[in-house]
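Asker: quick one, what's the 3D model for this:
(one chain, ligands or ions: 2)
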Amino acid sequence: MSTATLPDELSPAAREFAAGPHRLLIGGEPVAAADGATLTTVDPSTARPIAEFAHAGPADADAAVAAARAALDGDWGALTPAARGDLIHRLAEAVEANAAELAELESLDTGKPLKLARIVDVAKTAEHLRYYAGWPTKLTGEVIPVSQPGVHVYSRREPVGVCAQIIPWNFPLLMAAWKIAPALAAGATTVLKPAEQTPLTALRLGQLALEAGIPPGVVNVLTGDGATGAALVDHPGVAKIAFTGSTAVGREIGAAAGRSLKRVTLELGGKSANVILPDADLDTAVKGSFQGIYYNTGQACNAASRLFVAADRFDEVVSRLAESAGRARVGAGLAEGTQLGPLISAEQEERVRGYIDSGRRDGAELVAGGGTPEGAGDGYFVEPTLFTAAADDIAIAREEIFGPVLVASPFESLEEVAARANAGEYGLAAGVWTRDVGNAHRLAALLQAGNVYVNTWGPSDAAAPFGGVKASGIGREHGRPGLEAYLEDKTVWIAL
Ligand code: ADP
Ligand code: MG
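Answerer: Ligands and ions are numbered 1, 2, ... in the order given. The predicted structure follows:
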């Protein structure tokens, strides 16, 4: 494929990698799909193709799982914990050494602002790897004090086996790190399946893993679509599935894992309630709430997409948010000064526009955005959009939109807002803005969510568990719980 359509802003290194060819990474080797199939990744800022990449099918899933198994039974399984930790550190170093290129590739493939890709996606990827690089030497079992004479009983922590790790398009490199770092720390091996919209940085990360000295077959990268992911989910050689994506697909994967009794963790959708109490510092609350929804163009599972504001502050908060939305610079990911990039795809743009139409039809009042930003060109751009809504039961107030659309409503009391925030099916995140420490803790306890943010939105750290309750998922990533998901406990009995 010609590189003629790639944006001029790209550095030579990023341009060369983006141009391809993009093959699967199986057992340390770049290979075409067994049937030669390909897909095309598109630049969402221009709607132009970037490059073709391999579309893996069941035969490729077989080969990748076999390679992952061989590495587990071979080189990788034989490494000492210290050596394993060292290799994960080296991968973190390789990510940092190639940070500029990775950020460009991420910005190109997702449309997100280059600066964000650099300071969030790439920087957090290295941090995440470093955090888990410290764990292999700390996976202690225990001696178990059984009430029988003449035996010694202890537990071993063993890697779960070959993992299938399926990730979405909103933070492609970071989601890859969230998946592979704990798996490698546990001593497992993996087949990583990036989203069909964003294959580039996962492929580059797979290369960097090899360059860092991680043995071939430990990290395999199968690019492809939902059918590729399903082939991995159904593969009998896979012991554990880790999935981040939509609740609809998560339900299917959870059901399949239930039938096959594979271990599974699911990080799914959200409609996260953000509550501004009457005593909040409005400057920080408005700024944080704006970032909470419009960051990454609303394409974040923990987006602050449902805003509740104390009734006597409602008009002020809404008008300040609307003003900020009107001023936001929407543009191409690689363009200087862009605050909000495009949506990921034509399909996602259509979906978001459909929700904006439904909000209007359902009687919500449009107070900002709703259309196409001026001078947007052919990319998938939608203005940052703000609705106020009286009813909680309309689609835009209940369903995950995954775009730059905020729905705000007033409330009167703490109990009322907690009940309304908890009424939905999701439970990923919730936020509270207040100066009253008592109300902060009361709401933190009352809100049904895996994560509660007080006077901030969406901070993240490899040490702090992240995940959802209700339809937002099963299990936690980060910290010790994130590691436990990749370990099995074995109880050993020794007759003395
Ligand atoms: P979205 O709708 O936002 O694209 P999805 O949940 O469809 O989110 O996709 C998230 C990831 O799951 C992607 O890597 C996608 O290819 C993969 N995927 C989609 N459908 C399936 C499926 N049935 N089984 C396994 N993986 C799937
Ligand atoms: Mg793309």
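
Asker: and the closest residue to ligand 1 within the stretch 351-496 of the chain, what is it in contact with?
Answerer: Going by CB to the nearest ligand atom, ligand 1 is nearest to residue 402 of the stretch 351-496 of the chain, at 6.4 Å. Quick note: C-beta positions are derived from backbone N, CA and C, even for glycine. By CB atoms under 8 Å, 6 or more residues apart in numbering, residue 402 lies in contact with 170, 269, 298-299, 303, 348, 351-352.

Asker: filter the residues you listed down to the buried ones, ChimeraX style.
Answerer: Applying 16 or more other CB atoms under 10 Å to these, the buried members can be selected in ChimeraX as follows:
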select :170,269,298,299,303,348,352
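
Asker: distance check, the residue of the stretch 351-496 of the chain closest to ligand 1 against residue 335.
Answerer: When distance is defined by CB to CB, to the nearest Å, residue 402 is 23 Å away from residue 335.

Asker: give me the distance between residue 481 and residue 430.
Answerer: Taking CB to CB, one finds residue 481 at 19 Å from residue 430.

Asker: can you tell me the centre-most residue of this protein?
Answerer: residue 175 (4.6 Å; CA atoms, centre = their mean).

Asker: now residue 474: how far from ligand 2?
Answerer: Going from residue 474 to ligand 2 by CB to the ion, to the nearest Å gives 28 Å.

Asker: kindly tell me how buried that residue is, as a neighbour count.
Answerer: As a burial measure, residue 474 scores 17 neighbours (other CB atoms under 10 Å).

Asker: could you give the bridge partners of it?
Answerer: Residue 474 forms beta bridges with residue 266, as assigned by DSSP bridges.

Asker: right, and it touches residue 257 too?
Answerer: No - using CB atoms under 8 Å, residue 474 is not in contact with residue 257, being 9.6 Å away.

Asker: next, show the common contact partners of those two.
Answerer: Common contacts of residue 474 and residue 257, defined by CB under 8 Å, 6+ apart, comprise residue 264.

Asker: wait, what's in contact with the residue of the stretch 251-400 of the chain found nearest ligand 2?
Answerer: Among all residues of the stretch 251-400 of the chain, residue 344 sits closest to ligand 2, at 7.1 Å; criterion: CB to the ion. Taking CB under 8 Å, 6+ apart as the criterion, residue 344 is in contact with 44, 110-111, 169-170, 197-198, 299, 380.

Asker: 7 Å instead?
Answerer: Residue 344 is in contact with 44, 110-111, 169, 197, 299, 380, counting by CB atoms under 7 Å, 6 or more residues apart in numbering.

Asker: and the furthest pair within these?
Answerer: Across those, the longest distance by CB to CB is 12.1 Å; it joins 169 and 380.

Asker: quick one: which of the two has more around it?
Answerer: Shown here are residue 169 and residue 380; by other CB under 10 Å, residue 380 has more neighbours (26 against 21).

Asker: look at that one and give its secondary structure.
Answerer: At residue 380 the chain is in coil, as set by DSSP: H, G, I helix; E, B strand; the rest coil.

Asker: residue ranges with poor pLDDT in the stretch 1-150 of the chain?
Answerer: In the predicted model, the stretch 1-150 of the chain carries pLDDT under 70 at residues 1-4.

Asker: what residues does it put near ligand 2?
Answerer: Residues of the stretch 1-150 of the chain lying close to ligand 2 (CB under 5 Å from the ion) are 41, 109.

Asker: try it again with 6 Å
Answerer: Residues of the stretch 1-150 of the chain lying close to ligand 2 (CB under 6 Å from the ion) are 41-42, 109.

Asker: among these, which one sits closest to residue 328?
Answerer: Among these, residue 109 lies closest to residue 328 (CB to CB), at 22.2 Å.

Asker: ramachandran coordinates for that closest one?
Answerer: Main-chain torsions, residue 109, degrees, to the nearest 10: phi -80, psi -30.

Asker: quick one: neighbours of it, just the number.
Answerer: Neighbours of residue 109 (other CB under 10 Å): 29.

Asker: how near is residue 210 to ligand 1?
Answerer: As judged by CB to the nearest ligand atom, to the nearest Å, residue 210 and ligand 1 stand 22 Å apart.

Asker: how about residue 28?
Answerer: Using CB to the nearest ligand atom, residue 28 is found at 22 Å from ligand 1.

Asker: in which helix or strand does the residue in the stretch 251-400 of the chain positioned nearest to ligand 1 reside?
Answerer: Residue nearest to ligand 1 within the stretch 251-400 of the chain (CB to the nearest ligand atom): residue 252, separated by 5.1 Å. Residue 252 belongs to helix 247-260 when elements are defined using DSSP states H and E.

Asker: re earlier: in helices, which of the contacts of residue 344 fall?
Answerer: Of those, the ones assigned to helices by DSSP state H are residue 110.

Asker: between the contacts of residue 344, which is closest to residue 461?
Answerer: So of the contacts of residue 344, ranked by how close each gets to residue 461 (CB to CB), first place is residue 299, at 21.1 Å.

Asker: quick one: pLDDT of the closest one?
Answerer: Model confidence at residue 299, given as pLDDT, is 98.

Asker: quick one, phi psi at the residue nearest to it when sequence neighbours are not counted?
Answerer: With CB to CB, 6 or more residues apart in numbering as the criterion, residue 299 has its nearest non-adjacent residue at 4.4 Å, and that residue is residue 170. Residue 170 adopts backbone torsions of phi -80, psi -30, taken as degrees, to the nearest 10.

Asker: most proximal residue of the stretch 51-200 of the chain with respect to ligand 2?
Answerer: Per CB to the ion, the residue of the stretch 51-200 of the chain with the smallest distance to ligand 2 is residue 109, at 4.1 Å.
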